[in-house]
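Engineer: starting from these lines, generate the structure:
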Amino acid sequence: PPGTDTGEALVAHFARERADIVIMGARDMGVPQTLLLGSTTKYIVANCHCPCVVIRRPLSRGVSGGAAVLTRPRHVVMALNDNEELGRAVVKWAVDNVLVMADRVTVVSCVDADYQKPLRRSCLNKFAEGIHSFKNEHKSAHLHMRSPIPDVHTQVLQGSPGKVITEGIESAEPKVDLLIVGSRGLKGLRRLACGSVSTYFLDNVASPVCIVRRDLVA
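Structural biologist: Next up is the predicted model:
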């Protein structure tokens, strides 16, 4: 309707169409412009009824524009926080909707101190086992397909999650083709006060970013 904000109108449209996933291109407006003018992309990510994939303009630093042109398995990174319930839900969603048999998957998380690493690594290993189970079941069902099944890697980093994981993605080999992020889905003043790692990724990661909010999967 006339006067309806673009983001609000699109969110309503996607809901009516019962979209399973929304893929969007995003302009690099920069932090000052985004704070002053808002961002349709970020509004949709925060309010859409389904997970969203955001592709920044331009794709740079050797990032692939689509799996169809790759001559190697996709490299998918899953960035999960300290919420184990959210992590399990995001992994299940990715297995059901995104991952294919030949994908190379890196499951990564951040901690504040060294002593936290063993517990977080144990948690990530459980997530990796879930992905392995999917790959093994898929291979059994399609034995005639000789696609490789790479190992699922886990990585526990230390420091500020957004900055440290972004730096790791930029230097990763092979290049990262998709980042999947579990988000707590904070809104309004809580989002401004606490910050948002998923928003940091949207602003700084060159690869396509898929945001999976807790309220959509948990």
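Engineer: drop to CA atoms for contacts and neighbour counts, all remaining ones
Structural biologist: Noted.
Engineer: is K175 in a helix, a strand, or coil?
Structural biologist: coil (DSSP: H, G, I helix; E, B strand; the rest coil).
Engineer: what about it, how many neighbours?
Structural biologist: Residues lying near K175 (other CA atoms under 10 Å) number 17.
Engineer: what's the spacing between it and P73?
Structural biologist: K175 sits 11 Å away from P73, going by CA to CA, to the nearest Å.
Engineer: list the helices and strands the lengthiest helix in the chain packs on?
Structural biologist: In the chain, with assignment by DSSP state H, the single longest helix is helix 117-141. Under the contact definition 3 or more CA pairs under 8 Å, 6 or more residues apart in numbering; DSSP states H and E, helix 117-141 sits against helix 84-97, strand 104-111, strand 152-158.
Engineer: tell me the most buried of those?
Structural biologist: Highest mean neighbour count of the helices and strands packed on helix 117-141: strand 104-111, a mean of 22 (counted as mean count of other CA atoms under 10 Å).
Engineer: buried ones in the longest helix of the chain?
Structural biologist: 117, 120-121, 123-125, 127-128, 130-132, 134-135, 139 (16 or more other CA atoms under 10 Å).
Engineer: quick check: closest non-adjacent residue to T41.
Structural biologist: A26 (6.4 Å; CA to CA, 6 or more residues apart in numbering).
Engineer: returning to that earlier point: pLDDT and distance to V90 for the buried residues of helix 117-141 - can I get that in TSV?
Structural biologist: Output for those, formatted as TSV (pLDDT from 0 to 100; distance: CA to CA, whole Å):
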residue	pLDDT	distance to V90
K117	92	21
R120	92	16
R121	92	17
C123	91	14
L124	91	12
N125	90	15
F127	88	10
A128	88	12
G130	81	11
I131	84	11
H132	79	15
F134	72	14
K135	67	16
K139	60	22
